[in-house]
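Student: Have a look at this prediction, sequence included:
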Protein chains: 2
Amino acid sequence: MSTSSCPFFMKPVNLKHLAEALQLSIGTVSRALNDRYDISQATKERVRALAEELNYTPNSFASNLRRNKSNTIGVIVPEVANPFFSLALNGIEELASRHNYHVIIQLSREDNSHELAVMRQLVRSQIDGLLWSVASGSQNSAQLEVLRDRGIPVVLFDRVHSGYDVPTVTTDDYESSYQATRHLLEAGCRVIAHLAIAGDLSISQRRWLGYCHALRDYGLPLQDELVVHETAAKPAAEIVRELLLLRPDIDGIFAAVESLAMGSYEVCQALGCRIPEDIKIVSFSNLKSAALLAPALTTVTQPAHSIGKEAARILFRAITKSQLLTAAQSVELKSELHRRASTASDGQVPTNLE
Amino acid sequence: MSTSSCPFFMKPVNLKHLAEALQLSIGTVSRALNDRYDISQATKERVRALAEELNYTPNSFASNLRRNKSNTIGVIVPEVANPFFSLALNGIEELASRHNYHVIIQLSREDNSHELAVMRQLVRSQIDGLLWSVASGSQNSAQLEVLRDRGIPVVLFDRVHSGYDVPTVTTDDYESSYQATRHLLEAGCRVIAHLAIAGDLSISQRRWLGYCHALRDYGLPLQDELVVHETAAKPAAEIVRELLLLRPDIDGIFAAVESLAMGSYEVCQALGCRIPEDIKIVSFSNLKSAALLAPALTTVTQPAHSIGKEAARILFRAITKSQLLTAAQSVELKSELHRRASTASDGQVPTNLE
């Protein structure tokens, strides 16, 4: 059905108008438009034809009230300081706006008990569905059970629990990490550090595995002390400084998280290590200014906006069509490796522009 | 009162324990702890002494339920892609966590009618208070009336409405813009462009006025075509490109908004303009990587985290002490000018490190 093109001085057509014109009850017209089983195909077609002719637009808010919908979805993310999450939120807001839905955002603060508390609160607020990127350390299914008990559809994105029958929207973390590490190896690096996300998230594991397998395929040993994790207890620069002082032979850094890549830039400047001559750096990052850094940072860029949008698209399909969500509806999107000056080989330093 | 240090195998002390030990009613103990007028000073002291001795910790959630509190505050911000807002949110979350409060975030998407809709929804969700940074173009008081009707305390931060009797937490926008422009003038710039925030926000006006007065005090004329605004309709780089092609004599840029500064870097690279030799740039920015850009960006840095925290502090004072909020409680914090390579004068290029 097209959106209403009634000129503004005409009253928009409503269900009552349709019912009168068709000599049907309002209930029958409504059920016909909602494609209900107890209305004949012939009646459905008559109703739809007139609705289309008169540019009838359903009042989605009122119709959702009747179905006990709140026209609100919840979003739980660990934080918003990471541009990945703010871009994903923009994608979610874009789709919600198109569906005339509100979005309530809550931060889990990377804290499991807080995450469970905000989820309970969202459930009490009668959200129609939830988009969720889990806090690191979320290992049990208590949160998912809260949702299942209330029949609230959920789609996980980026940071997901595996092993549950819910749709996930993720990126090719293993493959893109393998490619990023391989890119460092091909540029000549032989002692490559891996700077990992805190906790034991599924994305951390996949990024670490991509790194391990790239080293293995190059015949290089895995060295535990070359792998460090971000932590709330220590500034990013401090973590990198300790690593580079412990292992001055490091000639490549693969950061799974942007904050540790920024820490690496700071420390390299302070210690007088030249990027890319002494150390080459590649990082997962959605930082808009990556290409403007000194030197421009090679990144694995996740399609953050599309991830948010795709997760919302799956959720709205479930909400508007009462479709059951299962793991079978999961989607994996591709990240892109942007090669820039921070990983250039000798004599092949590209300009700062991509 | 200190927080409870009961070993975990002991049941925490509650009001009933205190009442039994003191041979008082639970109501009297509760009223004494809440410092109510109808309890004698002697009783208050007896109750407090025992409460302290037994490490009694009030169950704030239960006590707020009794007072009809939802233990939730709402936050409305235009967007979260700007690091200013994500840092301010961190400050708000920090204080909310300390008060055992939940934070519901909603984005106004820089759209007035959506802003009004999300505010109505927050009011329906029974928030105890609201922190609000207004969308550009918010000119009427409809939103504030929604809150006043329900007696919900509100604190405005950064982007504020003026002329209403509510507290605001802002920064010294006029003064810091004057200083930033003066810094460009002292570095030798004579044709300075001003890249402004969209809409007619109070902060846009103050930042523009600081720029105007610095030019005037240097005896330079104000040229309308040197002032351009960001807009959703055009990418930042496009706005800057058109400006620099129109006025190739521009030798300084004062950006009131980070996205236009990033656009300026991109365009300067593309057009072969050298920063700072051909054009010097200073920008309002909370970008963590400002010091790592090529060249390092001179910034006016707002204390974003403190702004969020201070706004929350004022709001929680109102919520927990039922204190009336007025404009008299407004606070202005200071921004800092960080001088870096993007505004260095000839022969005085500092290193990238601050």
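Tutor: Thanks, I have it.

Student: Name the residues that touch the helix or strand containing A:V169?
Tutor: According to DSSP states H and E, A:V169 maps onto strand A:168-171. With contact meaning Cβ atoms under 8 Å, 6 or more residues apart in numbering or on different chains, strand A:168-171 is reached by A:155-158, A:160, A:162, A:203, A:302-303, A:307, A:310-311, A:314, A:327, A:330-335. Glycine gets a C-beta too; all of them are placed from N, C-alpha and C.

Student: For chain B, what's the nearest residue on chain A?
Tutor: A:A294 (3.4 Å; Cβ to the nearest Cβ).

Student: How about that residue: what's its closest non-neighbour residue?
Tutor: In this structure, A:A294 finds its nearest non-sequential neighbour in B:A294, 3.4 Å apart by Cβ to Cβ, 6 or more residues apart in numbering or on different chains.

Student: next one: A:A237
Tutor: Closest to A:A237 by Cβ to Cβ, 6+ apart is A:G263, at 4.1 Å.

Student: list the contacts for that neighbour?
Tutor: Listed by Cβ under 8 Å, 6+ apart, the contact partners of A:G263 are A:235-240.

Student: Could I get the residues you listed in CSV, plus columns for secondary structure, pLDDT and distance to B:G129?
Tutor: Putting those into CSV (DSSP: H, G, I helix; E, B strand; the rest coil; pLDDT from 0 to 100; distance: Cβ to Cβ, whole Å) gives the following:
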residue, secondary structure, pLDDT, distance to B:G129
A:P235, coil, 94, 32
A:A236, helix, 95, 34
A:A237, helix, 96, 37
A:E238, helix, 97, 37
A:I239, helix, 97, 37
A:V240, helix, 98, 40
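
Student: quick one: which of the residues you listed is most hemmed in?
Tutor: A:V240 (27 neighbours; other Cβ atoms under 10 Å in any protein chain shown).

Student: I'd say that residue and A:L260 touch.
Tutor: Yes: between A:V240 and A:L260 there is a contact under Cβ atoms under 8 Å: 6.5 Å.

Student: and for those two, which residues touch both?
Tutor: Joint contacts of A:V240 and A:L260 (Cβ under 8 Å, 6+ apart) are A:L195.

Student: Can you get me a residue count around A:P78?
Tutor: 23.

Student: Correction: the previous question concerned A:P167.
Tutor: Going by other Cβ under 10 Å, the residues that sit close to A:P167 add up to 24.

Student: ditto for A:V331
Tutor: Counted with other Cβ under 10 Å, A:V331 comes out at 17.

Student: Same question for A:Q323.
Tutor: With neighbours defined by other Cβ under 10 Å, the count for A:Q323 comes to 13.

Student: Spatially nearest residue to it (excluding sequence neighbours)?
Tutor: A:R317 (5.6 Å).

Student: Quick check: the gap between the one you found and A:V155.
Tutor: According to Cβ to Cβ, to the nearest Å, A:R317 and A:V155 sit 10 Å apart.

Student: now A:L18
Tutor: Using Cβ to Cβ, A:L18 is found at 35 Å from A:V155.
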